[in-house]
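>>> Pasting a predicted model and its sequence here:
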Amino acid sequence: MSPDIQKNKEQVKEVSMMYPYSIVRPGGNDTCLIETTVNLSDQDRKLFNDRIMGSYPNVEQVGFISLSSPVRRLTMAGSEFCGNATRSTAYQALNGRPGEILISVSGISTLLKAGVTGTREAFAQMPIIQDPSRIKRDGNNFIVPLEGIVQYIDFDQKKLEGRTPDEIKRMAKAQMEKKGLLNNPAVGIMYARETEKGWTIIPIVWVKSIDTLFYETACGSGTVALAQALAFRNKQSITDLSVIQPTGSAIKASVTFDGNVFGYSQISGPIEQLSIGMIEKNGPLIDITQIKTEKNLEQSFVKGLIPLYQQTFATAPYFEKFSDEEVRSFMRQYQQEGLLYLALSKNRVIGFGAMLPLAKALPEEIVTRLKNTGLNINDTWYSADLGVNQKFRNKGIGTNLVKVRLDAVKGKTVVMRTSIDNKNSQSIYRSLGFQQIPNLIQTVDGRRQDGSIQPDTRIFFVKKIV
């Protein structure tokens, strides 16, 4: 079995201000959420927004989230409100598990309720205006103000036929200007139509502060605005109105209305996790990806995984030497039987993290020793390897390579083994809630760089992942 952990000097403090991000798909509306512990300036948020969108063309909006306090916070890049980003934030905060939280959202003066249902759909309260007199008729259409954004519901979707997305965007922007809506912080035009399969929308959204105009693949605020317009027109509440987005996915909207005042409203639907990574203000983006196929694994060898592994364990406290074929063998086992995640920068591997079901760990002595502690071997995973290129250390990359693996085995127990001299490795795992297993020590003989075989003392840590 390969050495366990080469943890560099990247403790919980991430002094280089590199922020983890997730790209999620709520109803088809690709959204990037960047997790921060500090309030970023408008200029910095726009900088990050432009960099993410330049690297991920499918991302339509960027939000900045803080999940460390009892009341979570979401600030959109343009300080606008976004319903899909709000429910995505709840999904991130709850790790996809059922529950309910309060979120402070940009563009909104009050806290919003959001969470995850028992069917794993994410929902978010929508900040509708309760006074129905604020909704304005414009012929057959409606102007629906929400906190943070104004939505224009246009029921003439037929006029879009034969037009390209760029032509529709230009038409929508001209329509916003003609209706006098461009003085608002954000404006959406929802071209809506009722079909045999239900309601559909074509959403165009403009955000003033960052001057973005998107033909969106999905729009949560536009969906609830349509529901509110229909409730206003029909003088009755709307429950679980399923609105098909341009992606073909649906977002459900509910609005209570007694004819005199609007009450509670929300949107709901599934969330799909697409990718994760890390970003810093003046450095490259770091993609963190799982290697699932043999083809992807072979590509990672070309991108520098083998020499990175060798260099990682050639230094203190291990000073070990591994052949190319040994590294290939380790990685094949991780890819085929366990979990293998890589961190990449500019298409080069700069970090790796791997786990195996404990029953698959080698040498077998590891399994035997842990079985004697009373662990359920068949319900436990073994954190096998971790390493980060020396130039990228002290940025939290190793921490996130651990976290992403733990997220993948929720409900299981995880054990890790490390050198008694690897204080950095011990610190990071302790910071994530791991506890050392008392009186469990193992002596491992390893081949050093000079070819000699030398002993090394290993200790074990354990945690139940919830």
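Received it, and whenever you're ready, just let me know what you need.
>>> Measure how buried R448 is and give me the count.
Counted with other CB atoms under 10 Å, residues neighbouring R448 total 14. All C-beta spots, glycine's among them, are computed from the backbone N, C-alpha and C.
>>> isn't it right up against K321?
Yes: contact between R448 and K321 holds when scored by CB atoms under 8 Å: they sit 6.5 Å apart.
>>> tell me what the helix or strand bottoming out on mean pLDDT in the chain is packed against?
Across the helices and strands of the chain, mean confidence by mean pLDDT, DSSP states H and E is lowest for helix 364-371: a mean of 85. Counting contacts by 3 or more CB pairs under 8 Å, 6 or more residues apart in numbering; DSSP states H and E, helix 364-371 is packed against strand 435-447.
>>> average pLDDT for the helix or strand following the strand it packs on?
Counting by DSSP states H and E, the next helix or strand C-terminal to strand 435-447 is strand 453-464. Across strand 453-464, the average pLDDT comes to 93.
>>> Can you pull out the residues in contact with strand 453-464?
Strand 453-464 is contacted by residues 4, 317-319, 369-370, 375, 406, 412-421, 426, 429-430, 432-437, 440-448 when judged by CB atoms under 8 Å, 6 or more residues apart in numbering.
>>> How is R405 classified with respect to secondary structure?
Classification of R405 by DSSP: H, G, I helix; E, B strand; the rest coil places it in helix.
>>> likewise E326?
Following three-state DSSP, the label given to E326 is helix.
>>> What pLDDT is listed against D379?
So, for D379, pLDDT stands at 93.
>>> looking at it, it is touching K412, isn't it?
Yes: in this structure, D379 is within contact of K412 by CB under 8 Å, at 6.0 Å.
>>> more crowded one of these two?
More crowded of D379 and K412, by other CB under 10 Å: K412, with 18 against 14.
>>> Can you give me every residue that contacts that one?
Here K412 is in contact with D379, T380, W381, K464, I465 (CB under 8 Å, 6+ apart).
>>> can I assume the second one is in contact with V414?
Yes: with contact taken as CB under 8 Å, T380 and V414 are classed as touching, separated by 7.1 Å.
>>> Filter the contacts of strand 453-464 down to the buried ones.
Buried members of the contacts of strand 453-464, counted by 16 or more other CB atoms under 10 Å: 4, 317-319, 369-370, 375, 406, 412-419, 426, 429, 432, 434, 437, 440, 442, 444, 446.
>>> buried residues in the least confident helix or strand of the chain?
So, applying 16+ other CB under 10 Å, buried residues of helix 364-371: I366, V367, R369, L370.
>>> now that helix against strand 453-464, angle please.
When axes from the mean of the first three to the mean of the last three CA atoms, to 10 degrees is applied, the directions of helix 364-371 and strand 453-464 differ by 40 degrees.
>>> which is the next helix or strand following helix 364-371?
The first helix or strand that comes after helix 364-371 along the chain, using DSSP H and E, is strand 380-388.
>>> Report the distance from that next one to the chain centre.
Here strand 380-388 is found 22 Å from its chain centre; the criterion is CA atoms, centre = their mean, to the nearest Å.
>>> likewise stretch 280-295?
For stretch 280-295, the distance to the chain centre is 13 Å (CA atoms, centre = their mean).
>>> what residues does that stretch touch?
16-19, 44, 47-48, 51-52, 55, 275-279, 297, 300, 331-332, 334-336, 339-346, 350-351, 392, 395, 397, 400-401, 404, 408.
>>> just the buried members of these?
Applying 16+ other CB under 10 Å to those flags 16-19, 47-48, 52, 276-279, 297, 300, 331, 334-335, 339-345, 350-351, 392, 395, 397, 400-401, 404 as buried.
>>> what number of residues lie near K360?
K360: 17 neighbours (other CB under 10 Å).
>>> Equivalent analysis for T247, please.
If we define neighbours as other CB under 10 Å, then T247 has 14 of them.
>>> Quick check: phi and psi at it.
Dihedral pair for T247: phi -70, psi -10, per degrees, to the nearest 10.
>>> do T110 as well
Backbone torsions of T110, given as degrees, to the nearest 10, read phi -120, psi 160.
>>> how much space is there between it and P127?
Distance, T110 to P127, by CB to CB, to the nearest Å: 7 Å.
>>> Likewise for M278?
31 Å.
>>> try M190
M190 is 17 Å from P127, by CB to CB.
>>> okay, these two: which has more neighbours?
Counting neighbours by other CB under 10 Å for M190 and for P127 shows that M190 has the greater number, 29 against 22.
>>> helices or strands up against the host helix or strand of that one?
Assigned by DSSP H and E, M190 falls within strand 186-195. Judged by 3+ CB pairs under 8 Å, 6+ apart, the packing partners of strand 186-195 are strand 149-154, helix 165-178, strand 198-207, helix 220-234.
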